[in-house]
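Engineer: quick one, structure for this:
(4 chains)
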Amino acid sequence: MSYLTDAPIDTAALIRRVMRPSDGAYVLFDGVVRDHHEGHAVESILYEAYRPMAEKEIDKIVTNTANQYPDVAIAVVHRLGNLRVGESSIAIVCASPHRAEAFAACRVLIDRIKETVPIWKKERGPDGEEWVGWQK
Amino acid sequence: MSYLTDAPIDTAALIRRVMRPSDGAYVLFDGVVRDHHEGHAVESILYEAYRPMAEKEIDKIVTNTANQYPDVAIAVVHRLGNLRVGESSIAIVCASPHRAEAFAACRVLIDRIKETVPIWKKERGPDGEEWVGWQK
Amino acid sequence: MRVRMLYFAVLRDIIGKSEADVMIPEGTRAAEVWQMLRRDHRELAGYEQPPLTAINENYAAPDSVLREGDELAFIPPVAGG
Amino acid sequence: MRVRMLYFAVLRDIIGKSEADVMIPEGTRAAEVWQMLRRDHRELAGYEQPPLTAINENYAAPDSVLREGDELAFIPPVAGG
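Structural biologist: Numbers count the residues shown, from 1 in each chain, chains lettered A, B, ... in the order given. Predicted coordinates for the structure are as follows:
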């Protein structure tokens, strides 16, 4: 099971993969390339990963979150490559018998994934391109 | 614009309706009929509404939440009729430039909708049927 | 005066119809209509307090005075979502 | 001894390659490799502290002592999601 993909994310398939008959709800977080960042226009974002390490780091986060929220079923997929505005870079589905845990687990997952997984993005727009987070 | 439908919910259409190029994420909450409730098996749920009032109450909640989270674009749809296990009864999409508000608005919406909108459900299963929340 | 009653969910099942026009005295309060329903339907006997009350598609205080032509609905515990 | 270097994102752009085998003395620490990179690439001059450090696909302390055959990657600020 890989958490990384080079193809467009199929959220419907992701949802089908996690939902159990005992689940009363799921929460889907879908991160999408937006047309601006810190005041400049964005046309596309190139996502790159240290793939084997990113897989392991996401897996650690998913395992820890599943332990913290044992009733929640989790699916995560992160897309790599060049994505245009409106395309999904990450989808996280948390299904649960009750909604509170589904919300909480989903929020924890995206926060942790953004903190520690070795994935980078280069924003491209009319003002040029730039690796996000790197101060020149 | 109606918030109620008798047809299966098309979440993809709902997402397309709200997403703007400036949105960096959306959160989808999807409530689904689950196979159990308070210890007994559930096969289907009949959802019924005081339709014109339910439309107005949902609209009030959406308007209040939009005022509280002005950056968030919101879509809500609640299905009525007899739904089997695994079918979606409600979908809420909150799109936003930043994820925190999308999560917060989505959570507030489902909590408020469950509290005050005149919609009822009759659970049907092998043990018979029962209006949820009514103490005989 | 005439008031339009709407019955939903468990109340419709108990009362056996989804709507009815009822004639009530001027000045009747919503909660008093609930007490009339309790007298007629012993399944409601345990419900001394009226459930949430809606007049003309808006929640209203149970002691609201009704007017000619009002649409009155008692709202059993909601369970949307 | 030989260590495998991996360069990602901004570091690959600056250094001009995505990987390299480097020969370093026994007992070298990850942070010392970072200082070697800073000497060779003035775009890194402002970065006295090494970024996050990964050895063999796991985050490691910058003062970790490297071993023969280790895979070393400096992790510029991550931006997944």
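Engineer: interface residues of chain C facing chain B?
Structural biologist: With CB under 8 Å from any CB of the partner chain as the criterion, chain C comes near chain B at residues C:6, C:8-10, C:13, C:43, C:46, C:54, C:57-59, C:73, C:75-81. Yep, even glycine has a C-beta here, placed from its N, CA and C like the rest.
Engineer: can you rerun that using 10 Å?
Structural biologist: C:6, C:8-14, C:18, C:43, C:46-47, C:51-52, C:54, C:56-59, C:71, C:73, C:75-81 (CB under 10 Å from any CB of the partner chain).
Engineer: please enumerate the strands of the chain.
Structural biologist: I'll assume chain A. For chain A, the strands defined by DSSP state E occupy A:4-5, A:25-32, A:36-37, A:40-41, A:44-49, A:73-79, A:81-84, A:88-96, A:119-125, A:128-131.
Engineer: was after chain C, sorry
Structural biologist: Using DSSP E, the strands found in chain C span residues C:2-6, C:19-23, C:52-55, C:58-60, C:71-75.
Engineer: of these, flag the one that's most buried.
Structural biologist: strand C:71-75 (a mean of 21; mean count of other CB atoms under 10 Å in any protein chain shown).
Engineer: and the angle for that one with strand C:19-23?
Structural biologist: Strand C:71-75 and strand C:19-23 meet at an angle of 120 degrees, taking axes from the mean of the first three to the mean of the last three CA atoms, to 10 degrees as the criterion.
Engineer: return the alpha-carbon coordinates of strand C:71-75 using PDB.
Structural biologist: The C-alpha trace of strand C:71-75 is given here as PDB (Å, rounded to 0.1, in the frame of the first residue of the first chain):
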ATOM      1  CA  GLU C  71     -49.900  27.000  11.100                       C
ATOM      2  CA  LEU C  72     -48.900  25.200  14.300                       C
ATOM      3  CA  ALA C  73     -46.600  22.200  14.500                       C
ATOM      4  CA  PHE C  74     -45.100  20.500  17.500                       C
ATOM      5  CA  ILE C  75     -41.600  19.400  16.800                       C
END
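Engineer: mind listing what the residue lying closest to A:I58 once chain neighbours are set aside touches?
Structural biologist: Take A:I58 and drop its neighbours on the chain: the residue closest to it by CB to CB, 6 or more residues apart in numbering or on different chains is A:Y3, 4.3 Å away. Listed by CB atoms under 10 Å, 6 or more residues apart in numbering or on different chains, the contact partners of A:Y3 are A:49, A:51, A:54-59, A:61-62, A:75-78, A:90, A:113, A:117.
Engineer: how near is A:D6 to D:M1?
Structural biologist: 35 Å (CB to CB, to the nearest Å).
Engineer: so which of those two has more stuff around it?
Structural biologist: D:M1 (14 against 8; other CB atoms under 10 Å in any protein chain shown).
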